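[1] Structure of the sequence below:
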Amino acid sequence: IRRDVKAVADMMDDYPDLTFTMSQVSIYETAKKTDPDIFRRIQQRVREGRWECAAGTWVEGDLNMADGESVARHMLYAADWTRKHLGVKAKVLWEPDTFGHPGNMPQLAKLGEFDSYFHWRCNPDRYDGWPIWTWKGDDGTPITAFSESYGSDLAPGVLTWRAIRHLRDGRRNAFHIWGLGDHGGALSRWQIDNLKRFLNKPVMPTVRFSTIKRLLEAVRQEAPRLRSAKGQTYSLFEGCFTTHASIKRCNRQCEGALLAAETLSALAGLDRNDALRAAWKPVLFSHFHDIFDGAAVHNTYLDAHRRADSSLSKAGRVTREALASLVKVARAGSFLTVVNPLGFERTEPVRAALPAGTVGLSDSNGRAVPVQRMDRDFIFLAEKIPAFSQKTYRILTRAPKSADLRPVAVSEEGDYFKVETDRATSKLHKQSGCIGSYVDKALKRELVAYGVPIPLTHVPSTHAELALNVFQVIDEAHNGMTAWLINDILKQENLLRGA
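    Numbers count the residues shown, from 1 in each chain. Below is the predicted model:
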């Protein structure tokens, strides 16, 4: 990082017309820590308008799997940092390499005070690519989108081709993103010197170094008719949604824990913004698209898991402190309080550590609530927990005479456990855990095709691959990007014995 930003800063001294656009607060922060002198030169170029800050997010993250609240934190924390250290806020949302663009991004971008959106992948015109277009979000919010690869050079043929591509759409203002390395990285003196040999040739378009800000101004002044598309773009690299699944789990755990900690601390009247910001930043860093999408090298994930553990620990401390203030401990009896940190009423299963002799719970209205043992914990259905509020249950070690706390009826039928409830009868295969039968009593219908033996077939055969909850091992054809792409499926094995 230091090498690249220093190279650009040095080139700006030698080429007075040179401009540069750079994203990602994490890059600026690293440059500030490793070489304060270089960072001061960056600050000066930003003030001059030659170094354009496109750091509207903490990193160039994946947008498909990150929670919307996380994207908002990216924008908020990035704006705070760049205003403090660079004196500006990014106005272009720079998302070139995410593998798809959700339909709510135009709305989020406008709410984040961005006036344009830059991307490379997943252009609505898959084959020709619209260089400039109007993207309308799911709610109809429009934003001007710029689209181009960003690992190109300054060869005359490339620049001429870009100008012609824009002329085909009726525009006299075109743009071209250039840089060296894997999709960018730094600038080259040789490229600039070579370009100057061709600038005044008759066939060459007029070329000047610029910024996204100036480009947007020129496009608005020209006022061309732009093509438009609405909603989510298509996505690429479906393998990235499953590769390194553990980092996806860590991310969702961190997002949930941090959002809950924010809400609970606010409800408790505690100002823990600094602690929570410190916990959020490592999570945002792990959103970098090649980390989050499972395409990074092994050691990257060792670091990412350490960051996640640290963030979860910090969120847990804030949550415990807030709950100690919000939940009042009863003077007599044993109670369990369920707190809902979300903004809507919830009815969901709850898993909790309860005394070994627990037979059930009783809510504030005296209604008995059955519990089910799972390992050392208990599970029960917490119904209608109010938004941003709580509900307290009394822990019962002796069932009231009027309460029906009978456990779910479970019996054995050959190779299956039969589970009977008021709503359904199901059969669970002992060896594999697959659900071979599920009869919905309200519908009076079997919902599994052929997961248990059919009577009078003489031999107890099944098509258990048609059952529910079947664990499968799938073998795909090799390809050169196995972290990104799922190739042809060659073999599928259903683990139905001893799984």
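[2] for the stretch 251-400 of the chain, what spans make up the helices?
    273-285, 289-292, 298-326 (DSSP state H, counting those that start in this stretch).
[3] Throw these into a markdown table and include mean pLDDT, thanks.
    Output for the helices of the stretch 251-400 of the chain, formatted as a markdown table (pLDDT from 0 to 100):
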| stretch | mean pLDDT |
| --- | --- |
| helix 273-285 | 97 |
| helix 289-292 | 95 |
| helix 298-326 | 97 |
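[4] Surely residue 485 and residue 242 touch.
    No: taking CB atoms under 8 Å as the definition, residue 485 is not a contact partner of residue 242, at 11.4 Å. Where you see a C-beta, it was placed from the backbone N, CA and C, and this is true even at glycine.
[5] neighbour count winner among these two?
    Counted by other CB atoms under 10 Å, residue 485 and residue 242 do not tie: residue 485 has more neighbours, with 15 against 12.
[6] give the contact list for that one.
    237, 238, 239, 479 (CB atoms under 8 Å, 6 or more residues apart in numbering).
[7] Quick check: phi and psi on the second one?
    The main-chain torsion angles of residue 238 are listed as degrees, to the nearest 10 and equal phi -60, psi -20.
[8] number of nearby residues for it?
    13.
[9] Give me the pLDDT for the residue nearest to it when sequence neighbours are not counted.
    Counting by CB to CB, 6 or more residues apart in numbering, residue 486 is the residue found nearest to residue 238 once chain neighbours are left out, at 5.7 Å. On pLDDT, residue 486 comes in at 91.
[10] Residue 182 too?
    Confidence score, pLDDT, at residue 182: 61.
[11] can you offset everything so residue one is 687?
    New numbering, starting at 687: the last item is residue 868.
[12] quick one: low-confidence ranges for the protein?
    Applying pLDDT under 70 to the chain flags residues 867-871, 1017-1018, 1185.
[13] State the pair within the contacts of residue 1171 that is farthest apart.
    Using CB to CB, these reach their maximum pairwise distance at 924 and 1165, which is 12.4 Å.
[14] Run through the residues that contact the residue nearest to residue 924.
    924, 925, 1162.
[15] how near is it to residue 927?
    Noted for residue 1172: a distance of 9 Å to residue 927, by CB to CB, to the nearest Å.
[16] Now do the contacts for the closest residue to residue 1029 other than its chain neighbours.
    Ranked by CB to CB, 6+ apart and with sequence neighbours excluded, the top spatial neighbour of residue 1029 is residue 1073, at 5.0 Å. Contact analysis of residue 1073 by CB under 8 Å, 6+ apart lists 1026, 1028, 1029, 1030, 1031, 1032.
[17] between those, which is nearest residue 946?
    The closest of these, once distances to residue 946 are taken by CB to CB, is residue 1028, at 8.3 Å.
[18] how about the contacts of residue 1171 in TSV, adding distance to residue 1054?
    Converted to TSV, the contacts of residue 1171 look like this (distance: CB to CB, whole Å):
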residue	distance to residue 1054
923	51
924	47
925	48
1165	57
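[19] Nearest the middle, which residue of this protein would you pick?
    residue 752 (1.4 Å; CA atoms, centre = their mean).
[20] Quick one: residues contacting that residue.
    Contacts of residue 752 (CB under 8 Å, 6+ apart): 760, 937, 941, 973, 978.
[21] hmm, 7 Å instead?
    Contacts for residue 752 (CB atoms under 7 Å, 6 or more residues apart in numbering) come out as residue 973.
[22] and if you look at residue 919?
    Counted by CB under 7 Å, 6+ apart, residue 919 has contacts 786, 787, 808, 810.
[23] The second one: what's its closest spatial neighbour, skipping adjacent residues?
    This means residue 787. Residue 787 sits nearest to residue 919 (CB to CB, 6+ apart), 4.4 Å away.
[24] separation between the one you found and residue 791?
    Applying CB to CB to residue 919 and residue 791 gives a distance of 9 Å.
[25] could you pull out the helices for the stretch 687-836 of the chain?
    In the stretch 687-836 of the chain, the helices defined using DSSP H, counting those that start in this stretch lie at 688-700, 711-720, 722-734, 754-771, 791-797.
[26] Mind putting these into CSV with mean neighbour count and distance to residue 819?
    Listed next are the helices of the stretch 687-836 of the chain as CSV, based on neighbours: other CB atoms under 10 Å; distance: least, CB to CB, whole Å:
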stretch, mean neighbour count, distance to residue 819
helix 688-700, 16, 29
helix 711-720, 18, 27
helix 722-734, 15, 29
helix 754-771, 18, 21
helix 791-797, 21, 12
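[27] Quick check: which of the ones you listed is nearest to residue 1101?
    Using CB to CB, those put helix 754-771 closest to residue 1101, at 45.0 Å.
[28] who does that closest one touch, helix- and strand-wise?
    Here helix 754-771 touches helix 711-720, helix 959-971, going by 3 or more CB pairs under 7 Å, 6 or more residues apart in numbering; DSSP states H and E.
[29] still on that earlier bit, rebuild the helices of the stretch 687-836 of the chain as JSON lines, extending it with distance to residue 1058.
    What follows is these, written out as JSON lines (distance: least, CB to CB, whole Å):
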{"stretch": "helix 688-700", "distance to residue 1058": "57"}
{"stretch": "helix 711-720", "distance to residue 1058": "45"}
{"stretch": "helix 722-734", "distance to residue 1058": "58"}
{"stretch": "helix 754-771", "distance to residue 1058": "32"}
{"stretch": "helix 791-797", "distance to residue 1058": "41"}
